[in-house]
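Colleague: can't give you the sequence, but here's the structure:
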Ligand SMILES: [Zn+2]
């Protein structure tokens, strides 16, 4: 991701139909299953981890998912095998529904924890659940990140806002055929502007977040 963003901001010539492979959350099967398959094919990727969900750090609360998550001690190995590590917040909240102060702690805190652990600059962020607002976007930018991924289920285009990059979600039921079509640059395009419907949905989620602030994590 960071190589791509650097190339686009510097105006470098890119090959046609560049494909970026990203993973969110930090499940351990990234290391055991996905990475060997990527390495076999000579492919690199970016992994966005939610720092509060990783195993093996004193003073951090555990979640029901923790036995399926990567351990902190495994991150350095991933980085040494060519995986870019990005931040995906600390506790995986819907950042556009929480206070500015809490959002900043999530955005900046996860970056600092990863930088301390890896002694590397962490320059890319992925919004949990893909949700962000203009305020969240500006907090990510001010925290020093160079890029941020949304979801949007759309192809990204060169020139897209690098703090709101579109991605297509590859699910367990997504077929190799669908991925091949997307890789050829054929697929849904991101809307030019945020739709009113998206804003209405955010208002509904904010209201729900007030009612149920400790809802169960739904990863994305
Ligand atoms: Zn996630």
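Modeller: Received it, and whenever you're ready, just let me know what you need. The structure presented is a predicted model; accordingly, all values stated were derived computationally and were not measured.
Colleague: burial measure for residue 124, as a count.
Modeller: 25 (other Cβ atoms under 10 Å). Every C-beta, even on glycine, is put in place using the N, C-alpha and C of the backbone.
Colleague: May I have the phi/psi pair for it?
Modeller: Here is the backbone geometry of residue 124 (degrees, to the nearest 10): phi -130, psi 150.
Colleague: residues in contact with it?
Modeller: 1-2, 5, 46, 48, 84, 86-87, 145-149 (Cβ atoms under 8 Å, 6 or more residues apart in numbering).
Colleague: Would you mind giving the residues you listed as a markdown table with secondary structure added?
Modeller: Below are the contacts of residue 124 laid out as a markdown table (DSSP: H, G, I helix; E, B strand; the rest coil):
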| residue | secondary structure |
| --- | --- |
| 1 | coil |
| 2 | helix |
| 5 | helix |
| 46 | strand |
| 48 | strand |
| 84 | strand |
| 86 | strand |
| 87 | strand |
| 145 | coil |
| 146 | coil |
| 147 | strand |
| 148 | strand |
| 149 | strand |
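Colleague: Ranking by neighbours, what's the top pick from those residues?
Modeller: residue 87 (28 neighbours).
Colleague: Just confirm residue 71 contacts residue 56, I think it does.
Modeller: Yes. With contact defined as Cβ atoms under 8 Å, residue 71 reaches residue 56; the gap is 4.1 Å.
Colleague: Just to check, residue 103 is in contact with residue 137?
Modeller: No. Between residue 103 and residue 137 there is no contact under Cβ under 8 Å: 10.6 Å.
Colleague: Comparing these two, which residue is more hemmed in?
Modeller: Neighbours per residue (other Cβ under 10 Å) separate residue 103 from residue 137, with residue 103 holding more: 22 against 19.
Colleague: contacting residues for that one?
Modeller: 93, 95, 135, 136, 139.
Colleague: for residue 39, what are its contacts?
Modeller: Counting by Cβ under 8 Å, 6+ apart, residue 39 has contacts residue 81.
Colleague: ok so it is a strand residue?
Modeller: No. Checked against three-state DSSP, residue 39 lies outside a strand; its state is helix.
Colleague: Now do it against the ion, distance only.
Modeller: Using Cβ to the ion, to the nearest Å, residue 39 is found at 23 Å from the ion.
Colleague: Now do residue 62, the pLDDT please.
Modeller: Residue 62 carries a pLDDT score of 59 in this model.
Colleague: likewise the one 5 residues further on?
Modeller: Confidence at residue 67, expressed as pLDDT, is 79.
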